[in-house]
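S.K.: sequence and computational prediction follow.
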Amino acid sequence: MYAEYYKMKHFPFTICCDERFFYESTIHNEALANMMYAVQQRKGMVLVTGEVGAGKTFIGNILNTRLGVGCMSIMLKNPPANAKQLLRAICNQTGMNVKPAADKLQLIEELEAHLVRLHMRGRLVALILDEAQDMPSCCLEQLRLIWNWEYQDQRLMQIVLIGQPELRQKLQEPKWEPLRQRIVLSYHLGHLSAQEASNYIEHRLKVASENNVIVKFSPEAVEEIHAATNGIPRMINVLCDNALLVGFTRETNTIDKNIVDDVLRDMTCWGMKVYTQPMH
């Protein structure tokens, strides 16, 4: 609908993890660069946390893509329910053909031997676990044990944990001290500043329009968007997408504060906290 009206090649505010739209804010760019360094140099575990919608999964996907052909990168997006399920998932992702009846001990032995063979062939193996805050304790303990595997003084698997802030809180418990000591790099993805939110919106419009942007968000609209979303990228996407739809129906190339206010009131449930008045 509005994409054709605004002469866009793509929808600019899709919530899918399309690398073309990745905006390297200061914190996202720094986190990604250091994550790649820690993995490629086999430095140790990496921990990345952030609020819902802060871009954790996106940065995990970018890392998964940019590690390159020299790295066998495994990304688990659904937290395993137990240690055996975790081991089997890793085995499957690394190309192993394990028997359905294999028990936990057999999976461990076969996986470690397989990782040694990959290491001897010069393959780096990285495990990226999304939504790690939902993993049970048995899986976290299994990850600690896996990280201990080494060959010729080098770790056989690099591990990246991505999750919501409660994961960081959980790891502060005394019993996770051994796991916490293995984390060499830790980042928390904060919210975008007002200027970064403006740059983020502009970046996505340029990518979608292939630098032929004919629609703009007024400074007042951007300010309202940032205030309403608290700088959370996913919420910015939802609000801007709906604002462009309203702009299309009103046949305007300028998304102003009035349009943003109307979207917040009529098209978002989280905008209700701003506009809903108490009943008398």
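M.R.: That came through fine.

S.K.: surely residue 268 meets residue 241?
M.R.: No: between residue 268 and residue 241 no contact is recorded; they are 10.6 Å apart, counting by Cβ atoms under 8 Å. Backbone N, C-alpha and C define where each C-beta goes, glycine included.

S.K.: now the common contact residues for these two.
M.R.: Common neighbours of residue 268 and residue 241, using Cβ atoms under 8 Å, 6 or more residues apart in numbering, do not exist here.

S.K.: tell me where the stretch 101-250 of the chain has strands.
M.R.: Taking DSSP state E, counting those that start in this stretch, the strands of the stretch 101-250 of the chain run over residues 124-129, 150-151, 154-155, 158-163, 183-189, 216-217.

S.K.: now tabulate the ones you listed in CSV and tack on mean neighbour count and mean pLDDT.
M.R.: Converted to CSV, the strands of the stretch 101-250 of the chain look like this (neighbours: other Cβ atoms under 10 Å; pLDDT from 0 to 100):
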stretch, mean neighbour count, mean pLDDT
strand 124-129, 23, 95
strand 150-151, 14, 93
strand 154-155, 15, 92
strand 158-163, 25, 96
strand 183-189, 17, 91
strand 216-217, 20, 97
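
S.K.: take those and lay them out in CSV including distance to residue 116.
M.R.: Shown next, in CSV, are the strands of the stretch 101-250 of the chain (distance: least, Cβ to Cβ, whole Å):
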stretch, distance to residue 116
strand 124-129, 11
strand 150-151, 5
strand 154-155, 11
strand 158-163, 15
strand 183-189, 23
strand 216-217, 54
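
S.K.: out of the ones you listed, flag the one nearest residue 197.
M.R.: Closest to residue 197 of those is strand 216-217 (Cβ to Cβ; 10.1 Å).

S.K.: not counting that closest one itself, show me its contacts.
M.R.: Contacts of strand 216-217 (Cβ under 8 Å, 6+ apart): 201, 205, 225, 240, 243, 253, 254, 255.

S.K.: give me the sheet partners of that strand and which way each runs.
M.R.: Partners of strand 216-217 in the sheet, by DSSP bridges, are strand 254-255 (parallel).

S.K.: what's the spacing between the strand it pairs with and its chain's center?
M.R.: From the chain centre to the centre of strand 254-255 is a distance of 30 Å (Cα atoms, centre = their mean, to the nearest Å).

S.K.: not counting sequence-adjacent ones, nearest residue to residue 53?
M.R.: residue 234 (3.1 Å; Cβ to Cβ, 6 or more residues apart in numbering).

S.K.: spit out the contact partners of that neighbour.
M.R.: 15, 52, 53, 54, 55 are the contacts of residue 234 under Cβ under 8 Å, 6+ apart.

S.K.: okay, the contacts of strand 216-217 in CSV with distance to residue 116 next?
M.R.: Below are those laid out as CSV (distance: Cβ to Cβ, whole Å):
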residue, distance to residue 116
201, 48
205, 49
225, 51
240, 49
243, 54
253, 60
254, 61
255, 56
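
S.K.: drop anything exposed from these.
M.R.: By neighbour count, with 16 or more other Cβ atoms under 10 Å, those hold 201, 205, 225, 240, 243, 255 as buried.

S.K.: mind picking the two most distant members of these?
M.R.: 205 and 225 (12.9 Å).

S.K.: pull out the buried residues from stretch 196-213.
M.R.: So, applying 16+ other Cβ under 10 Å, buried residues of stretch 196-213: 196-201, 203-205, 207-209, 213.

S.K.: what of stretch 95-112?
M.R.: Neighbour-count burial for stretch 95-112 flags 96, 102, 107, 108, 110, 111 (criterion: 16+ other Cβ under 10 Å).

S.K.: likewise stretch 248-267?
M.R.: In stretch 248-267, counting by 16+ other Cβ under 10 Å, buried: 248, 255, 256, 257, 259, 260, 261, 263, 264.

S.K.: hmm, the second one is touching residue 244, no?
M.R.: Yes: counting by Cβ under 8 Å, residue 255 does reach residue 244; the two are 6.7 Å apart.
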